[in-house]
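Asks: Predicted model follows, preceded by the sequence.
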Amino acid sequence: MDSGAESTEEVEGERSSPPTGLQSPLMDRNPSPPPDAADGEEEENLDAIGETVYSKHWLFSTLTRLIHMVSEHSELDAEGEMQLPDEDEEDLCRVWDMAMDKDVAGFLQEFKATEILLGVIAKSRCPRLTEICVGILGNIACFPETCLTLSQNEDLCAVLLLLLGDADPPTLLETSRLLLTCVSQKDVSAVWLQRIQQQLSVCSSLCFIMSSSTNTDLLEKVGELVENLFDLDEELMRSWVTAQPSEEEEKDEGEGHLNVALCLLEAAKQLRSESLKGLEIYLHALQLLTTIDEGIEVLSSPEGPSKAIWDFVCDVVCKDFCQPDDLPVVLQEQKTVLLQAFAVLHALYRCQNQWGSQSDTTLPLIGSILRVLQFHTEGKHATSSKDDTKDDQLQALAEITAEFLSDICIQISKDTVADLVKTGYLTEKTSLIAASSLVPDYKMAFQHLQSMLSEADPQMSDMVRKQFPV
C-alpha cells in the first residue's frame with residue numbers, strides 16, 4: 001500500500017496555534033490538581049522552563065486557576081454552558097503556544113498536565129475551553145517522548161476518540177489533528193490503530209463529518225486522518241468499507257447508515273473548488289479503497305457508489321486539470337492529484353462491466369488521457385537537456401495513463417475512434433503520442449487502435465503506420 005504516513009518531522013510541522021463541550025461517559029471527576037510547586041525556586045534562572053524564558057510559576061498558576069474555575073462552575077451549574085473569561089482565555093492560549101516548545105511540552109508532562117487537561121475536558125461546558133485543551137495536548141504530542149507518555153493514558157485516549165462525535169467544529173479540528181499526530185508517530189501508531197478499530201463510533205463520527213461539514217480546514221484534517229488510517233492499517237480499511245448498519249441504524253427512519261466511500265466522495269465534492277490539497281487527499285483515500293478486493297466489491301456492487309465516483313472524478317479530470325490551452329509545465333503542478341484521479345478511474349474502469357457499460361467512457365476523458373501523455377512527452381523533451389533528475393511522480397502518472405489508454409484501446413470501436421477524430425481529441429499529433437505510449441508495452445492495444453483508425457481515417461492511419469510500423 002502507499003506510504004501516506006507522515007514522518008516525525010512532518011508531524012512536528014502540524015503543531016497548532018490557538019485561532020483568533022463534551023462530557024465523556026467514561027470520566028466523571030474533577031480535574032486533578034498539579035503537584036506542589038517546589039520551594040525555593042524564586043530565582044529567575046530556577047523558574048525558567050528548560051532553556052526557555054517561560055516561567056514555571058506562571059504556568060503552575062494558570063493551570064491551578066483553570067482547575068478552580070472548572071470545578072466551581074461544575075458545582076454551581078453543572079448543566080449550563082460555561083463562559084470563558086477573556087483574560088483566562090488569553091492565558092490558556094499562551095499555554096497552547098508555549099506547548100509547541102519541546103522543553104515546555106516535557107515540563108507539562110512532568111507537571112501532570114495531561115491528567116489536568118483530561119479532567120477539564122471531562123467537566124467542560126465550554127466548547128472554546130475544550131478546543132484549547134485538546135490543542136495543548138496536540139502540541140504536546142508532537143514530540144516522540146511526550147507522545148509516548150500521553151498515549152499510555154487509556155482514559156485520555158478513550159475521551160479523545162469520543163470527542164470525534166462533538167458538535168463543535170474547532171474542537172473536532174483539534175481532535176483530528178491530535179489523532180493524526182499520534183497515528184503518525186511510529187512508536188505509538190499501533191496502539192492507536194487498535195483503539196480506533198475497537199471504538200466503533202470513530203468510523204460513524206468521521207463519516208458524519210465528511211458527509212455534512214462545509215468547514216474546509218476540518219475536512220482537510222479529517223481526510224488526512226482517514227487517508228493515514230487506510231494507508232497504515234489495511235484491516236481497519238477493510239472493516240470500515242464492509243461495515244453493515246447497526247440495529248439502531250436499521251431501526252432509525254431518519255439518517256441511514258453512512259457509506260464510507262460515499263462520504264469520501266461528498267467531502268471531495270465540497271473541497272473541489274476550495275482546496276486542491278484536500279481534493280488530492282480524498283482521491284487518494286478512494287484510491288486506497290480500490291487496492292483491496294473488498295473495496296472493489298463494495299464500490300462495484302449494483303447499489304454501490306461507483307457510477308457517482310466515476311462521474312465526479314471524470315468531471316474533475318476533464319474540466320479542472322490539464323486543459324487544451326495550458327502549457328505542459330502545468331503537469332508538474334497537477335501531477336499528484338491527476339495520479340490519484342487516474343488511479344481511481346482506472347480501477348473502476350476495470351470492473352465497469354459490474355456497474356456500468358464501456359459506453360460510459362466519455363470522449364473528453366480519452367482526450368484528457370491523450371493530453372496528459374502529450375504534455376508529459378513535451379515536458380520531458382523540454383527539460384531533458386537541463387536536468388537529468390528523474391521525477392518519479394511524473395513517471396508514475398505517465399505509466400498509469402498509458403496503461404489506462406491501452407485498456408480503452410484494446411476494445412475501442414470504429415465509431416468511437418471516428419468521434420475522437422471528429423471532435424479533435426485524436427489528431428496527427430495525439431495519435432503519434434498514443435502510439436509512442438502504447439507500442440513499448442501494449443502492442444495489441446496499439447494494433448487494435450490502428451485497425452479502427454484505418455477505417456475511420458485512413459490518411460491519419462497511414463501517417464502513424466509510417467512512424468510506427470508494428
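Replies: Ah, there it is. Numbers count the residues shown, from 1 in each chain.
Asks: Tell me the secondary structure of the nearest residue to residue 126 once chain neighbours are set aside, please.
Replies: Leaving out its chain neighbours, the residue that sits closest to residue 126 by CB to CB, 6 or more residues apart in numbering is residue 82, at 4.1 Å. Placement of C-beta: from N, CA and C, glycine included. What DSSP: H, G, I helix; E, B strand; the rest coil gives for residue 82 is coil.
Asks: Repeat that for residue 185.
Replies: Relying on three-state DSSP, one would call residue 185 coil.
Asks: That one and residue 147 touch, don't they?
Replies: Yes. With contacts counted by CB atoms under 8 Å, residue 185 reaches residue 147, the gap being 4.9 Å.
Asks: what do these two both touch?
Replies: Shared contacts of residue 185 and residue 147 (CB atoms under 8 Å, 6 or more residues apart in numbering): residue 141.
Asks: how many neighbours does the residue nearest to residue 126 have?
Replies: 20 (other CB atoms under 10 Å).
Asks: ok, it to residue 114 distance?
Replies: Applying CB to CB, to the nearest Å, one obtains 21 Å for the distance of residue 82 from residue 114.
Asks: returning to what we had before: between residue 185 and residue 147, who's got more neighbours?
Replies: Between residue 185 and residue 147, counted using other CB under 10 Å, the more crowded position is residue 147 (25 against 22).
Asks: So the more buried one: helix, strand or coil?
Replies: Assignment for residue 147 (three-state DSSP): helix.
Asks: Which residue, other than its chain neighbours, is closest to it?
Replies: residue 141 (4.4 Å).
Asks: quick one, phi psi at the one you found?
Replies: phi -70, psi -10 (degrees, to the nearest 10).
Asks: Which residue ranges of the stretch 301-450 of the chain form helices?
Replies: 306-320, 330-350, 352-355, 363-383, 392-409, 414-423, 428-438, 443-456 (DSSP state H, counting those that start in this stretch).
Asks: Can you say which of those helices is nearest to residue 179?
Replies: helix 330-350 (22.7 Å; CB to CB).
Asks: Which strands or helices does the closest one pack on?
Replies: With contacts defined as 3 or more CB pairs under 8 Å, 6 or more residues apart in numbering; DSSP states H and E, helix 330-350 has these neighbours: helix 276-289, helix 293-300, helix 306-320, helix 363-383, helix 392-409.
Asks: Quick check: which of those is buried the most?
Replies: Most buried of the helices and strands packed on helix 330-350 by mean neighbour count (mean count of other CB atoms under 10 Å) is helix 276-289; its value is a mean of 24.
Asks: picking that back up, isn't the residue nearest to residue 126 right next to residue 125, touching?
Replies: Yes. Using CB under 8 Å, residue 82 is in contact with residue 125, at 4.3 Å.
Asks: And the helices in the stretch 151-300 of the chain?
Replies: 154-162, 169-183, 189-198, 201-212, 216-232, 234-241, 247-251, 260-271, 276-289, 293-300.
Asks: Distance to residue 453 added to those, as a markdown table?
Replies: Converted to a markdown table, those look like this (distance: least, CB to CB, whole Å):
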| stretch | distance to residue 453 |
| --- | --- |
| helix 154-162 | 57 |
| helix 169-183 | 50 |
| helix 189-198 | 51 |
| helix 201-212 | 44 |
| helix 216-232 | 41 |
| helix 234-241 | 41 |
| helix 247-251 | 53 |
| helix 260-271 | 36 |
| helix 276-289 | 32 |
| helix 293-300 | 31 |
